[in-house]
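> predicted model, plus sequence, below.
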Amino acid sequence: MKRTKIVDIFNPQLIGAEVSVKGWVRTRRGNKHVQFVALNDGSTIKNIQIVFDMEKFTEEQLKPITTGASIHVIGQLVESMGKGQSAEIQATSLEIYGTADPETYPLQKKGHTMEFLREKAHLRPRTNTFGAVFRIRHNMAIAIHQFFHEHGFFYFHTPIITASDCEGAGQMFQVTTKNLYDLKKDENGSIIYDDDFFGKQASLTVSGQLEGELAATALGSIYTFGPTFRAENSNTPRHLAEFWMIEPEVAFADLNDLMDLEEEFIKYCIRWALDNCKDDLEFLNNMIDKGLIERLNEVVNTEFVRLPYTEGIKILEEAVAGGKKFEFPVYWGCDLASEHERYLVEEHFNKPVIMTDYPKEIKAFYMKQNEDGKTVQGTDVLFPQIGEIIGGSVREESYDKLMTRIEELNIPMKDMWWYLDTRRFGTVPHAGFGLGFERLLLFVTGMTNIRDVIPFPRTPNNAEF
């Protein structure tokens, strides 16, 4: 008999039918006459209640049914008399796949801290909270592909292993086949890579942007969506060493086109969650963040503020003069801290902000310079509770200006000749942005720690599972 997933079982047309369900036991309760088992199979936040009439089953048969056990039940789907569910299954047959010892199974029915569940990351998807988060994660991935497909973008796969450092940050994980205990070095003490797999120093990518720019100068509009890696020793609720990035690049786009794309894209994703993840969002709204759904609706229905950096600094300086206290100082030229971004979004404007035209000193070498010689056409989308959620820019298309900036910053370009070729052969104005997938998920789920929106977080001193 074909299995019915629990997400499909609440169809009124199935009432009266014989159904087959398989899943994991959340709870079992009852008395010597009747036993009730809450079963979940991961397809939905909802459990289905299984009713065991003890005239048809023995206590011995039901004894292995403890929290965490996996079972297969066949029975009749009937309307439920109890509160909280519309239908239940009157069991006629039971098969036990796997037991879970109540003494050692760590996810007994009680409250668990997020820290405890991180230590049990191999089991935490079975909890209501993480089941909801990971179903939403799937839906957000679908939304991203759907948005770009509908808008004529091509999904472009950029390399995971690279010899270039896009951000010039130098915090990269090395990739090598060399014996780390016996490295060949030259007279200056530098490692010789001649006999390494790639014949040169290679790393895990920090961004697919540079290769994405190459693709945009051929295909017009592309996006990347894949894992990226930063060997940054940041133990914060907003940083991971391995995370996923969405990076569109668009040929013939200017600053306004870029801001329009950023706003339309993020609203599309949030609207998708509201339309397709209703049950999971309602659960997270009730259990994790009471203002979640209201906040998601506000963002979707609000026009984002577009704010030049210089004006933003003025607003922050006025706030300080009025008695507002920030941990980090505010001055023209500072790299805004999360507290500054959140003040602008949550207290001053009370809506998302796209900040533009940053001082060139605090932004990457590839951003297009403005005519004032001081600022660049960078854009950061700032969100409530998160701070920066998207970072983008118009890219510098002039070969001469780009080379001047590279030389000013002493960026080693010996491996970047291919990137500069895009400025030598048919260069065009173009723009793009990067969105950390997990930052988006933090906002959409209401979770407060980025380690809790990715299945197996990679952070300093943590590579378990």
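Arrived safely.
> tell me which residues in stretch 419-437 are buried?
419, 422-423, 427, 429-437 (16 or more other Cβ atoms under 10 Å). In short, each C-beta sits where N, CA and C put it, glycine included.
> give me the subset of these lying in helices.
If you go by DSSP state H, the buried residues of stretch 419-437 have 419, 422-423, 437 in helices.
> TSV for the buried residues of stretch 419-437, including distance to Y223?
Output for these, formatted as TSV (distance: Cβ to Cβ, whole Å):
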residue	distance to Y223
Y419	18
T422	17
R423	22
T427	21
P429	18
H430	13
A431	13
G432	9
F433	10
G434	10
L435	10
G436	14
F437	12
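> any chance of those residues in CSV, plus distance to Q49 and pLDDT?
Compiled in CSV, these are given as follows (distance: Cβ to Cβ, whole Å; pLDDT from 0 to 100):
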residue, distance to Q49, pLDDT
Y419, 59, 89
T422, 60, 92
R423, 64, 94
T427, 64, 96
P429, 60, 97
H430, 56, 97
A431, 53, 98
G432, 50, 98
F433, 47, 98
G434, 45, 97
L435, 40, 97
G436, 40, 95
F437, 36, 97
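> can you tell me which of those is nearest P227?
Distance to P227, by Cβ to Cβ, is smallest for F437 among the buried residues of stretch 419-437, at 9.3 Å.
> how about the closest residue to the closest one other than its chain neighbours, what does it touch?
Leaving aside its chain neighbours, F437 sits nearest to W244 (3.8 Å; criterion: Cβ to Cβ, 6 or more residues apart in numbering). By Cβ atoms under 8 Å, 6 or more residues apart in numbering, the contact list for W244 reads 225-228, 436-438, 454.
> what's the separation between the residue of the chain most remote from its centre and H33?
Outermost residue of the chain with respect to the C-alpha centroid, by Cα atoms, centre = their mean, is E55; its distance is 49.7 Å. From E55 over to H33 the distance is 8 Å, taken as Cβ to Cβ, to the nearest Å.
> for D421, same thing?
Remark: distance between D421 and H33 (Cβ to Cβ) = 79 Å.
> out of the buried residues of stretch 419-437, who's nearest I136?
Nearest to I136 among the buried residues of stretch 419-437 is F437, at 11.6 Å by Cβ to Cβ.
> next up, the contacts around that closest one.
F437 neighbours (Cβ under 8 Å, 6+ apart): 140-141, 144, 225, 243-246.
> and which of those residues is nearest V444?
Minimum distance to V444 across the contacts of F437 is 6.4 Å, recorded for M140 (Cβ to Cβ).
> alpha carbons of whichever strand or helix holds that closest one, as PDB, please.
Using DSSP states H and E, M140 sits in helix 128-150. Output of helix 128-150 as PDB, limited to C-alpha atoms (Å, rounded to 0.1, in the frame of the first residue of the first chain):
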ATOM      1  CA  ASN A 128       9.600  21.300  15.500                       C
ATOM      2  CA  THR A 129      11.800  24.400  15.300                       C
ATOM      3  CA  PHE A 130      14.500  23.000  13.100                       C
ATOM      4  CA  GLY A 131      12.000  21.100  10.900                       C
ATOM      5  CA  ALA A 132      10.400  24.500  10.200                       C
ATOM      6  CA  VAL A 133      13.700  26.300   9.600                       C
ATOM      7  CA  PHE A 134      15.000  23.700   7.100                       C
ATOM      8  CA  ARG A 135      11.700  23.500   5.200                       C
ATOM      9  CA  ILE A 136      11.800  27.300   4.900                       C
ATOM     10  CA  ARG A 137      15.500  27.100   3.800                       C
ATOM     11  CA  HIS A 138      14.400  24.800   1.000                       C
ATOM     12  CA  ASN A 139      11.600  27.100   0.000                       C
ATOM     13  CA  MET A 140      13.900  30.100  -0.100                       C
ATOM     14  CA  ALA A 141      16.300  28.200  -2.400                       C
ATOM     15  CA  ILE A 142      13.300  27.500  -4.700                       C
ATOM     16  CA  ALA A 143      12.300  31.200  -4.600                       C
ATOM     17  CA  ILE A 144      15.700  32.400  -5.500                       C
ATOM     18  CA  HIS A 145      15.900  30.200  -8.600                       C
ATOM     19  CA  GLN A 146      12.400  31.000  -9.500                       C
ATOM     20  CA  PHE A 147      12.900  34.800  -9.300                       C
ATOM     21  CA  PHE A 148      16.000  34.800 -11.500                       C
ATOM     22  CA  HIS A 149      14.500  32.300 -14.000                       C
ATOM     23  CA  GLU A 150      11.400  34.600 -14.300                       C
END
